[in-house]
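In: Need a 3D model of the following:
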Amino acid sequence: MNKKVGISVLTAAITLGTAGSVFAATSGGTSNNQNNLNNVIGIQKAETIALQKVPGGTVESIELDRERGQLYYEVDVDRPQAADVDVHINALNGSVIRTVTDDNDDNEATIRERQNVNNANLKVKTNEQAAQIAKVQVSGTVTGIERDEEDGRIQYEVDLRITGGEATVEIDAATGKVTTVDKDFDNDEDDNDND
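Out: This next block holds a predicted model:
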């Protein structure tokens, strides 16, 4: 992806900055950490809770994160004609931890970009559908989903925790096809790219 629109850039920066600590915290080798990952509410429920908290919005991305030992989902919700909202949701019990208004300046650009995209013709319309496609391609636990819009095309980027590392699966929303799979193993500095 050559460029990301609005909040996607911010989300990617946050993801890159925190992914190492999240994966390090969740991959410490203890069965307690793995049990916590197995007991999360899931992205679909986190998305539902966030949209109840911010009615009329659209989920731009969902990331599983850890802060002070607590697993939570950070759900970025875009609102038309208003500031975006980040909803932090306890990943184990679904309670809303906090909401943060994101006063970024990209709303007009995001709205213009969305007007150029015909969502009705997409094979993949939801984060949950993207997650299911990614899990068929790569066995693992979904830790984040990001929907990107570029040049009128929508693509989903799904991050997964896999045995020994992490993977990113990119999916073309129009066709539902996986465009790339990138695996990075904790003890391997090189990525394995598969098309």
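In: first vs last residue of stretch 130-143, how far apart are they?
Out: Length of stretch 130-143, first residue to last, CA to CA, to the nearest Å: 13 Å.
In: Just the buried positions in that stretch, please.
Out: 130-131, 133-134, 137-138, 140-143 (16 or more other CB atoms under 10 Å). The way it works is simple: take the backbone N, C-alpha and C, and place the C-beta from them, glycine included.
In: what do you get for stretch 46-61?
Out: Buried, per 16+ other CB under 10 Å, within stretch 46-61: 46-51, 54, 57-61.
In: In the chain, where is pLDDT below threshold?
Out: Across the chain, the ranges flagged by pLDDT under 70 are 1-35, 103-120, 187-195.
In: ranges for the strands of it?
Out: Remark: strands assigned in the chain by DSSP state E are 58-67, 70-78, 84-90, 96-102, 141-150, 153-162, 165-172, 178-185, 191-194.
In: Just tell me which of those strands ends up closest to residue 125.
Out: strand 153-162 (9.1 Å; CB to CB).
In: mind listing what that closest one pairs with, with the direction of each?
Out: Using DSSP bridges, the strands paired with strand 153-162 are strand 141-150 (antiparallel), strand 165-172 (antiparallel).
In: List of residues touching the last one?
Out: Contacts made with strand 165-172 from outside it, assessed by CB atoms under 8 Å, 6 or more residues apart in numbering, are listed as 1, 19, 23, 124, 130, 133-134, 137-138, 140, 143, 153, 155-160, 177-186, 188.
In: Just the buried ones among those residues, please.
Out: By neighbour count, with 16+ other CB under 10 Å, the contacts of strand 165-172 hold 19, 23, 124, 130, 133-134, 137-138, 140, 143, 155-160, 178, 181-184 as buried.
In: Among the buried residues of stretch 130-143, which one sits closest to residue 65?
Out: Of the buried residues of stretch 130-143, the one sitting nearest to residue 65 (CB to CB) turns out to be residue 143, at 8.4 Å.
In: so the closest one makes contact with residue 160?
Out: Yes - using CB atoms under 8 Å, residue 143 makes contact with residue 160 at a distance of 6.4 Å.
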